[in-house]
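# requesting a structural model of the entry that follows:
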Amino acid sequence: MRHSVILTFLMLCMITAYPCYARDFKEHSQIIVSVTDSWSDCRTTLFLFEKTGEIWQRIGEGIEGVVGRFGLAWDPAADGRMPGEPVKIEGDLKAPAGIFPIPMAMGMSPKPPSGVTLPYRQIVKGTHCVDDPSSPYYNRIIREKEIPPDNNIRKWKSSEEMWKISELYRLLLVIGYNTQSPKAAEGSCIFIHLKGQSGKPTSGCTAVAEEDLIRIMKWLKSDHNPILVQLPRDVYLRVRQNRLLPSPELIENRVVKNKIPLVDIRTIAPDVAVEMRYAGSNNFTGKRIYNCGRCFLRTETAAKLAIAQKEMRMKGYSLKIWDCYRPPAAQELFWSLMPDPRYVANPKIGSRHGRGNAVDVTIVDSSGRELEMPTGFDDFTPRASHKEKHLPPQVIENRQFLSDTMEKAGFKRLESEWWHYEDGGGEIIDASFDELCHGLN
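Got it, this is the predicted structure:
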């Protein structure tokens, strides 16, 4: 009997001993994406995705929920953090941001709802989730009766007495946060559980309505290795490319709802330098063309640019953006002044700028000084070409540094202009800067 008790206890501990940050998504074919509008937002929307072949398919509509009272904070083990972004600690009233396994379900009833196939554990009297960072049982779910007899003295100062929290814990999913060799004070007892009647945010979990939680539980399958991806929308856009996560357009971000598939680059790469040349007179027209100096791009392109910017930052530099999305009216003006397809696209065909997936960029050092390049911006001569070799060695090196960084992030360069990089296709977007600057926050 003693051996069976010990075995049960060890199995319960092992249930939550999963890696805290998934990195290989080939083994995962079910994802719950939980996105908030900002780090401090306590409201979230959950989207269910299932992989068919190599394609992520969304299952149903978004599910409204709540997270921590003070929003989200990064899992300390995550590798996608940027300087200044919050990091989770015990008692911060923030839900963890990152990527986590969903190993099992729990609830007050002896059996799970009909149709649930995940491993299930009943919450009975004496079931604790230990939240005392000094305890050897920190972030473990333990039944008092399953503690080995030679350790029958409680070894924690505080815990969640789960059987007493029936309004929230009547049904829940265990989230594998900080569960592999739990780190003291980095957060504990993380679940997707029932939303309380008041609808208030949680102490650090994610909560949804009962009918939604039951639907999620029935959908999840252990052999699909389900995971939770929980992030602010803008951070999701930044990290999803490297993780091969579902397309940002499928999580219904604010811009898609407005029918303009563009985002401000500063919402995804806040530290990138922006000097929109056509928002002033320092360009080949000598006139101000745009009504504001903000850079708008398609979400996929913005995410790739954030990757390139991160690479630059790691080496002590930054990208500086000169142009992004370009309205059709501006393209027609530019063509009337420079009808040369090597440098300006014919508006009848349209440019990549007009599709929101092209950028004109250069590099600045840590002091904000531009590195020397072959020419200035809008230099419509052969010297601007990537093929130009009659240049100082340092200039060629700088040009190659920019090219290597952008291409590594997924961009293609335009051979006739060293500053121009583009990404993918898409339709021409007909939006004025008045509409963009006042309509997209």
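
# beta partners of the nearest residue to Pro226 once chain neighbours are set aside?
Residue nearest to Pro226 in three dimensions, not counting chain neighbours: Gln30, with 4.0 Å by Cβ to Cβ, 6 or more residues apart in numbering. For the C-beta atoms, the positions are set from N, CA and C on the backbone; glycine is no exception. Taking DSSP bridges as the rule, Gln30 bridges to Glu50.

# before we move on, what about Pro96?
With DSSP bridges as the rule, Pro96 is bridged to Ala73.

# now do Leu172
With DSSP bridges as the rule, Leu172 is bridged to Met106, His193.

# just to check, it is in contact with Lys195?
No - when contacts are counted by Cβ atoms under 8 Å, Leu172 is not listed as touching Lys195 (11.4 Å).

# more neighbours, the two?
Leu172 (24 against 21; other Cβ atoms under 10 Å).

# picking that back up, just checking, the residue nearest to Pro226 touches Lys221?
Yes - assessed by Cβ under 8 Å, Gln30 is found in contact with Lys221 at 6.6 Å.

# more neighbours: the two, which one.
More crowded of Gln30 and Lys221, by other Cβ under 10 Å: Gln30, with 20 against 13.

# and the more buried one, what does it touch?
Applying Cβ atoms under 8 Å, 6 or more residues apart in numbering to Gln30 gives the contacts 48-51, 219-221, 224-227.

# Ser109 belongs to a helix?
No - counting by DSSP: H, G, I helix; E, B strand; the rest coil, Ser109 is not part of a helix but coil.

# what's around it, how many residues?
11.

# which non-adjacent residue is nearest it?
Closest to Ser109 by Cβ to Cβ, 6+ apart is Gln122, at 6.9 Å.

# out of everything not next to it in sequence, what's closest to Thr45?
Closest to Thr45 by Cβ to Cβ, 6+ apart is Gly62, at 4.2 Å.

# can you check Lys183 too?
Pro76 (7.0 Å).

# what distance do you get for the one you found to Asn178?
Going from Pro76 to Asn178 by Cβ to Cβ, to the nearest Å gives 8 Å.

# what's the overlap in contacts for these two?
In contact with both Pro76 and Asn178: Glu186, using Cβ under 8 Å, 6+ apart.

# comparing those two, which shows the higher neighbour count?
Higher neighbour count among Pro76 and Asn178: Asn178, with 26 against 18, using other Cβ under 10 Å.

# setting aside sequence neighbours, what's the nearest residue to the more buried one?
Glu186 (5.0 Å).

# quick check: which element contains the one you found?
Under the criterion DSSP states H and E, no helix or strand holds Glu186.

# that one: neighbour count?
20.

# just want the most central residue of this structure.
Geometric centre of the chain, nearest residue: Tyr236, 1.5 Å, by Cα atoms, centre = their mean.

# how much space between that residue and Arg69?
Taken as Cβ to Cβ, the span from Tyr236 to Arg69 is 21 Å.

# same check on Glu249?
Where Arg69 is concerned, Glu249 sits at a distance of 30 Å (Cβ to Cβ).

# look at those two and report which has more neighbours.
Between Glu249 and Arg69, counting by other Cβ under 10 Å, Arg69 is the more crowded of the two (16 against 13).

# quick one: contacts for that one?
42, 93-94, 200-203 are the contacts of Arg69 under Cβ under 8 Å, 6+ apart.

# right, I'll call it a day here.
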